[in-house]
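Student: A predicted structure for the sequence below; I have some questions about it.
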Amino acid sequence: MFARGKKSEMNRKKVLLGMSGGTDSSVAAILLQEQGYDVTGITFRFYEIEGNTAYLSESAELADRLGIPHYIYDVRKEFEKNIVTYFINEYMSGRTPVPCIICNNTFKWPLMARIADERGIRHIATGHYVRLMETGGHSYLQSGVDPDKDQSFFLWGLPEILIKRMILPLGTLTKTEVREIARQRGFFQIAARKDSLGVCFCPGDYRSFLKKRLGESVFSEGFYEDESGKIIGKHEGYPFYTVGQRRWLGLNLQYPVFVKEISVSNNRVVIAPLSGMYKTRMILKTVNVINPFDFDGRYAITCRIRYRKQNTPCRVFFISDNRAEVCFEEPVHSVAPGQAAAFYCGDRLLGGGIIVSAE
């Protein structure tokens, strides 16, 4: 009896940690070990720009210093097929992709869970700035304490069965505190590492990425038109524009304008002033509700349509199991098809979906 209990306790303390070589996942490893967890580190080879593999050695060096096992999984082919191809196809379809959300919800976290199962590991963890809470027998996610680093928006598509296995040691910390933890423990290089910005495989201008991948001959000039259909200028090709875009349009008008719509069939980009950009409702697909919640108006619900976008009060009506209509209590501008929307009740993440259309 005692031996079985001891083994069960050990299983509960085993955790598989995703290690990217950055400050956040490195400090997560340090904290998990200090909290008594039996940590195994895993670094995925998703995509490497110009053959840069420094992150592999950085993760391995930290694991060696902490005395924890570390494995490298090469999933570049799968990542190319599931994430990069999606990214390209969305732009070529006139939509704005959300690769980090698709990766987290359908690729990275499920992959970590599968590998943990194969190794008999109960928990999975990362350095995400998100809090994990439990109430009424359910597990759910909350916004991270640091409003500038909160990453809950990226995880609305995860199922509760997976969330129950998660450990998120940075959710109650600020980035400043995370760097200080690394310094206090003597990990000075880790504390000083710069944050990664943008999409991991496309940190710069996505237009250059598309040209390099598809060839410049695929893209052709088209016309800008205003809301009445009047042609007002030329553009470089519809995939190079996103709904809500204001800069780099190459138009010399007397007032600020934004991309309102993208027409793939005739290579047209509709331009409008800010007053023409507001929407009061939108339709979502692939909707996920993390755990049971009544969207019947009894609770104040907000919706966020971008990572840094302010939450807007809304009502949610389910059309089917995976489609929903969202009605904003106040108009929202620049709602882009292809982008994501996340629902919150206070700081509790309820779920979300992918934007199909808005009006």
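Tutor: Sure, I can see it.

Student: For the chain, give me the ranges with low pLDDT.
Tutor: Residue ranges of the chain with pLDDT under 70: 1-11.

Student: Mind jotting down where the helices sit in this protein?
Tutor: Secondary structure of the chain (DSSP state H): helices located at 2-12, 23-34, 54-66, 76-79, 85-92, 99-103, 109-118, 160-163, 175-184, 188-192, 206-214.

Student: export those to CSV and tack on mean neighbour count and distance to residue 273?
Tutor: (C-beta placed from N, C-alpha, C; glycine too.) Output for those, formatted as CSV (neighbours: other Cβ atoms under 10 Å; distance: least, Cβ to Cβ, whole Å):
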stretch, mean neighbour count, distance to residue 273
helix 2-12, 10, 58
helix 23-34, 23, 40
helix 54-66, 17, 44
helix 76-79, 14, 40
helix 85-92, 17, 25
helix 99-103, 20, 30
helix 109-118, 17, 41
helix 160-163, 16, 43
helix 175-184, 16, 37
helix 188-192, 15, 45
helix 206-214, 16, 24
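
Student: okay, those helices in a markdown table with distance to residue 332 next?
Tutor: Compiled in a markdown table, the helices of the chain are given as follows (distance: least, Cβ to Cβ, whole Å):
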| stretch | distance to residue 332 |
| --- | --- |
| helix 2-12 | 44 |
| helix 23-34 | 30 |
| helix 54-66 | 37 |
| helix 76-79 | 32 |
| helix 85-92 | 21 |
| helix 99-103 | 19 |
| helix 109-118 | 29 |
| helix 160-163 | 28 |
| helix 175-184 | 28 |
| helix 188-192 | 38 |
| helix 206-214 | 24 |
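
Student: among those helices, which is nearest residue 298?
Tutor: helix 160-163 (21.0 Å; Cβ to Cβ).

Student: Check what contacts that closest one and list those residues.
Tutor: 109-110, 113, 124, 132, 138-141, 290-291 (Cβ atoms under 8 Å, 6 or more residues apart in numbering).

Student: Try it again at 10 Å.
Tutor: Contacts of helix 160-163 from elsewhere in the structure, counted by Cβ atoms under 10 Å, 6 or more residues apart in numbering, are 105, 109-110, 112-113, 124, 130, 132-134, 138-141, 155, 288-292, 349.

Student: could you flag which of these are buried?
Tutor: 105, 109, 112-113, 124, 130, 132, 139-141, 155, 288-291, 349 (16 or more other Cβ atoms under 10 Å).

Student: Tell me the one of those residues nearest residue 205?
Tutor: Distances from residue 205 to the buried ones among the contacts of helix 160-163, taken by Cβ to Cβ, are shortest for residue 105, at 25.6 Å.

Student: Just give the closest residue to that closest one, not the sequence neighbours.
Tutor: Residue nearest to residue 105 in three dimensions, not counting chain neighbours: residue 157, with 3.0 Å by Cβ to Cβ, 6 or more residues apart in numbering.

Student: So that neighbour sits against residue 101, correct?
Tutor: Yes - if you go by Cβ atoms under 10 Å, residue 157 and residue 101 touch, sitting 6.8 Å apart.

Student: Now list whatever residues contact both of the two.
Tutor: 340, 342, 352, 354.

Student: Ranking by neighbours, what's the top pick from those residues?
Tutor: Counting neighbours by other Cβ atoms under 10 Å, residue 352 comes out on top of those with 30 neighbours.
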